[in-house]
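In: Whatever this is, show me its structure:
(chains A and B)
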Protein chains: 2
Amino acid sequence: MKKVAIGIDIGGTNTAIGVVDRDGTVLVKDVIPTPTHGNIDSFVDDMTTSIRELVNAVKRLNPEIEMLGLGIGAPNANYYTGTIEHAPNLSFKGVIPLVKLLESNFPDLKAIAITNDANAAAIGEMIYGGAKGMKNFVVYTLGTGVGSGIVVNGDLVYGDDGFAGECGHMTIVADGRLCGCGGRGHLEAYCSAPGMKRTAFELLSKYNAVNSPLAKISFNDLTSKMIFEAAEKGDKVALEVFELSGKWLGQGLSITAHHLSPEAIFLFGGPAAAGNYIFRPTIESMETHLLPNFKNKVKILPSQLKQGDAAIVGASALVYKELEKKLS
Amino acid sequence: MKKVAIGIDIGGTNTAIGVVDRDGTVLVKDVIPTPTHGNIDSFVDDMTTSIRELVNAVKRLNPEIEMLGLGIGAPNANYYTGTIEHAPNLSFKGVIPLVKLLESNFPDLKAIAITNDANAAAIGEMIYGGAKGMKNFVVYTLGTGVGSGIVVNGDLVYGDDGFAGECGHMTIVADGRLCGCGGRGHLEAYCSAPGMKRTAFELLSKYNAVNSPLAKISFNDLTSKMIFEAAEKGDKVALEVFELSGKWLGQGLSITAHHLSPEAIFLFGGPAAAGNYIFRPTIESMETHLLPNFKNKVKILPSQLKQGDAAIVGASALVYKELEKKLS
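Out: The predicted structure is shown next:
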């Protein structure tokens, strides 16, 4: 009997669904549109149909398959209540009891659980990735925003209300850059992909860097991948973007380390894929900010989840984590 | 049968020892000098003698007393290993196995445990104080330094190595004031009692405030209590010290809130005793820095532990917490 879990990644435009085995391999997957007009019932029906088709497809290959449960990653998801609450990038308004709705369609499953994508990434890292066997670690997801998932004593930290782990919104520059959330000087405004773009434009302006390849690209067109490519060619502006991003990120990671003294902090996502361009200055900066008895202890590591499937895989890991909790 | 726990607070100069009942009342207490020449064996002997005398004194009043265990608060204490490690303010060098040494003198006790004073304050708040029944909260201790104890899911967060909860050393001003630990811009350099003194001197200088009562006091003589008294008399410099200290502290608390989404953050210690001079600007600043879905949720509360005995009481709470863990 081979056991599998379903991972569901709900995004603003699309929802990806995959059948994932205990090793974190996606056996089959599907993508359905996320509704833009707020009809949750038809969305649950579409998900249900897709899940049943995926499970049937897997069973045709191996009739011994047992489906354990559904794990869902979604913005503004509340693990405690099984709901999505006031998600600004989704069309569903108010509080959506998604876990309850799915439970009525799948009454036989052992575990149906939801959390946000950064928490799902942390559980994925623990179940399938580089954090196997670790009891205290943190995952930072660097992308359009900066998210985080915190694990203490082997369990995800959800806090009093289910929304803990918003490290991306810590203030690192008082009265600094405007953040997407309306705050000022938050880490996300500096170390997300758009934050790196903002740094690039500040530096183009500071140095009047007309010869930088980045000077040919508009603010709306510049991506963090282009900054990486320019750095690979030795562009000084692009190289300094990574130095500064690492300086800010390292300051943020030192703050997380002082709170939690984790064994490791994993970096996941596009900017983190830039390797030592970002890891070296990040580690250097973090070490500078740390207390003497914290220095040279906390490992800063790249996520071991494969970027493409990570959201599905992370979400599916919730199922294995739930079953582990029920057994303990 | 009345059950009691011993609380031991090891400081640089003195060590306070008390017998504490389940309500957090200190029944009897004693103070012995902390050795200045590093002799741990004679220190353990002195503590043992003092503890036995205190317990005998309590038993004379009530022969039904049962002593459950010893809880110790000490700088650089490691809960996991039961040791004091390289404490800069104590004369014991290296790693001192204090719990093991005490266990050999008190083999019948059910629990002997050690942690640092801020963690002990957090457990004290949970067992006897304002955090009774809370599962997720943080205690900040404001004094000579800024310490913190973090509780997640009802347990203290010790991290991978036993040293988690050093929120006082989070960077809040990049390249800011020199901190006692050698770092720059740490919260402790702004919001400890000496940090408030530093702010007062910056403001005296900024405004050339020759008429402030604080202008008559030397840097080495000024205390946070004097700043409080000047504020009570309407001194503008003193009032601004509290505004600025609250601004920085609120920034720090918002960062803790974004990590952990606690039900409450308790403030303990001298500066926290200044009431709304510090609470109002702290809360205002924290709210400014928070994500929209974190606003107006996290309570900022004064510690309910009595200042004088809090260190002994907090340390004794470790015993009840240990016994709770053994039962679960």
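
In: Would you map the strands across the stretch 151-300 of chain A?
Out: Along the stretch 151-300 of chain A, counting by DSSP state E, counting those that start in this stretch, strands occupy A:155-156, A:264-268, A:299-302.

In: Indicate which one of the ones you listed is closest to chain B.
Out: The minimum distance between chain B and these falls on strand A:155-156, with 6.6 Å, by CB to the nearest CB. The C-beta positions use only the backbone N, C-alpha and C, and glycine is treated the same way.

In: so what secondary structure elements neighbour the closest one?
Out: helix A:117-127 (3 or more CB pairs under 8 Å, 6 or more residues apart in numbering or on different chains; DSSP states H and E).

In: mind listing what whatever helix or strand comes next after the helix it packs on pairs with, with the direction of each?
Out: Using DSSP states H and E, the helix or strand that follows helix A:117-127 towards the C-terminus is strand A:137-142. Applying DSSP bridges, strand A:137-142 is found paired with strand A:146-152 (antiparallel), strand A:264-268 (parallel).

In: Looking at the shortest one now, give me its mean pLDDT.
Out: By that I understand strand A:264-268. Averaged over strand A:264-268, pLDDT sits at 97.

In: hang on, the earlier thing: which of the strands of the stretch 151-300 of chain A has the highest mean neighbour count?
Out: strand A:264-268 (a mean of 25; mean count of other CB atoms under 10 Å in any protein chain shown).

In: Alpha carbons of it, in CSV - could you do that?
Out: Output of strand A:264-268 as CSV, limited to C-alpha atoms (Å, rounded to 0.1, in the frame of the first residue of the first chain):
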residue,chain,number,x,y,z
ALA,A,264,19.2,26.8,10.7
ILE,A,265,17.5,29.5,8.6
PHE,A,266,16.6,28.3,5.0
LEU,A,267,16.2,30.7,2.1
PHE,A,268,13.7,29.8,-0.6
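
In: Disregarding flanking residues, what is the spatial nearest neighbour of residue A:283?
Out: residue A:300 (5.1 Å; CB to CB, 6 or more residues apart in numbering or on different chains).

In: my guess is residue A:140 contacts residue A:146, does it?
Out: Yes. The criterion here is CB atoms under 8 Å, and residue A:140 meets it with residue A:146 at 6.5 Å.

In: and residue B:35, which of the strands paired with strand A:137-142 is closest to it?
Out: strand A:146-152 (35.8 Å; CB to CB).

In: Also compute the angle for that closest one relative to helix A:117-127, please.
Out: What separates the directions of strand A:146-152 and helix A:117-127 is an angle of 40 degrees, with axes from the mean of the first three to the mean of the last three CA atoms, to 10 degrees.

In: what's the spacing between residue A:244 and chain B?
Out: 11 Å (CB to the nearest CB, to the nearest Å).

In: Show the contacting residues for that residue.
Out: Neighbour list for residue A:244: A:190, A:199, A:203 [criterion: CB atoms under 8 Å, 6 or more residues apart in numbering or on different chains].

In: Tell me the one of these nearest residue A:14?
Out: For these, the nearest to residue A:14 is residue A:190 (28.4 Å; CB to CB).

In: For that closest one, which non-adjacent residue is spatially closest?
Out: residue A:248 (4.3 Å).

In: Tally up the residues packed near residue A:30, please.
Out: 17 (other CB atoms under 10 Å in any protein chain shown).

In: Name the residues linked to it by a beta bridge.
Out: Under the criterion used (DSSP bridges), residue A:30 bridges to residue A:17.

In: ok, now residue A:73?
Out: As for beta bridges, residue A:73 partners with residue A:9, residue A:115 under DSSP bridges.

In: Thought residue A:317 was touching it, still the case?
Out: No. Using CB under 8 Å, residue A:73 is not in contact with residue A:317; the gap is 9.6 Å.

In: Next, work out how far apart residue A:74 and residue A:308 are.
Out: 19 Å (CB to CB, to the nearest Å).

In: ignore the last one, residue A:158
Out: Counting by CB to CB - residue A:158 and residue A:308 are separated by 27 Å.

In: Hmm, residue A:281 is touching residue A:241, no?
Out: No. Checked against CB under 8 Å, the pair residue A:281 and residue A:241 is beyond contact range at 10.4 Å.

In: Name the residues contacting each of these two.
Out: Common neighbours of residue A:281 and residue A:241 (CB under 8 Å, 6+ apart) do not exist.

In: between those two, who's got more neighbours?
Out: residue A:241 (31 against 21).

In: Grab the nearest non-local neighbour of residue A:109.
Out: In space, residue A:109 is closest to residue A:69, 4.7 Å off (CB to CB, 6+ apart).

In: Double-check the one you found against residue A:324; I have them as touching.
Out: No. Residue A:69 lies out of contact with residue A:324 (CB under 8 Å); the separation is 11.8 Å.

In: and the residue in the stretch 1-150 of chain A that chain B sits nearest to, what does it touch?
Out: In the stretch 1-150 of chain A, no residue comes nearer to chain B than residue A:136, which is 4.5 Å away by CB to the nearest CB. Residues counted as contacts of residue A:136 (CB under 8 Å, 6+ apart) are A:151, A:152, A:153, A:260, A:261, A:262, A:263, B:159, B:160, B:164.

In: how near is the fourth one to residue A:229?
Out: The spacing between residue A:260 and residue A:229, counted by CB to CB, is 35 Å.

In: returning to that earlier point: common neighbours of residue A:140 and residue A:146, please.
Out: A:167, A:168.

In: ok so residue A:20 is a strand residue?
Out: Yes. Per DSSP: H, G, I helix; E, B strand; the rest coil, residue A:20 lies within a strand segment.

In: What strand or helix carries the nearest residue to it once chain neighbours are set aside?
Out: Excluding its sequence neighbours, the residue lying closest to residue A:20 (CB to CB, 6+ apart) is residue A:316, at 3.8 Å. Residue A:316 is part of helix A:310-327, with elements assigned from DSSP H and E.

In: show me the contacts for the residue nearest the centre of chain A.
Out: What sits nearest the mean C-alpha location of chain A, by CA atoms, centre = their mean, is residue A:118, with 3.3 Å. Contacts of residue A:118 were listed using CB under 8 Å, 6+ apart, and they are A:139, A:140, A:141, A:147, A:148, A:149, A:165.

In: go on, residue A:27?
Out: Taking CB under 8 Å, 6+ apart, we find residue A:27 in contact with A:4, A:18, A:19, A:20, A:21, A:58, A:61.

In: Not counting sequence-adjacent ones, nearest residue to the fifth one?
Out: Spelled out, it's residue A:21. residue A:4 (5.3 Å).

In: So the one you found sits against residue A:69, correct?
Out: No. With contact defined as CB under 8 Å, residue A:4 does not reach residue A:69; the gap is 9.6 Å.

In: what about these two, which has more around it?
Out: Using other CB under 10 Å as the criterion, residue A:4 and residue A:69 rank with residue A:4 on top: 25 against 22.

In: For the more buried one, give the beta-bridge partners.
Out: residue A:21, residue A:67.

In: Quick check: pLDDT value at it.
Out: Per-residue pLDDT puts residue A:4 at 95.

In: Enumerate every residue touching it.
Out: A:19, A:20, A:21, A:22, A:27, A:58, A:65, A:66, A:67, A:68.

In: returning to what we had before: out of the contacts of residue A:244, which is nearest to residue B:36?
Out: Nearest to residue B:36 among these, counting by CB to CB, is residue A:190 at 47.1 Å.

In: and the stretch 51-200 of chain A, which residues reach chain B?
Out: By CB under 8 Å from any CB of the partner chain, the residues of the stretch 51-200 of chain A that approach chain B are A:76, A:85-86, A:135-136, A:150, A:152-153, A:155, A:157-167, A:169-174, A:181-184.
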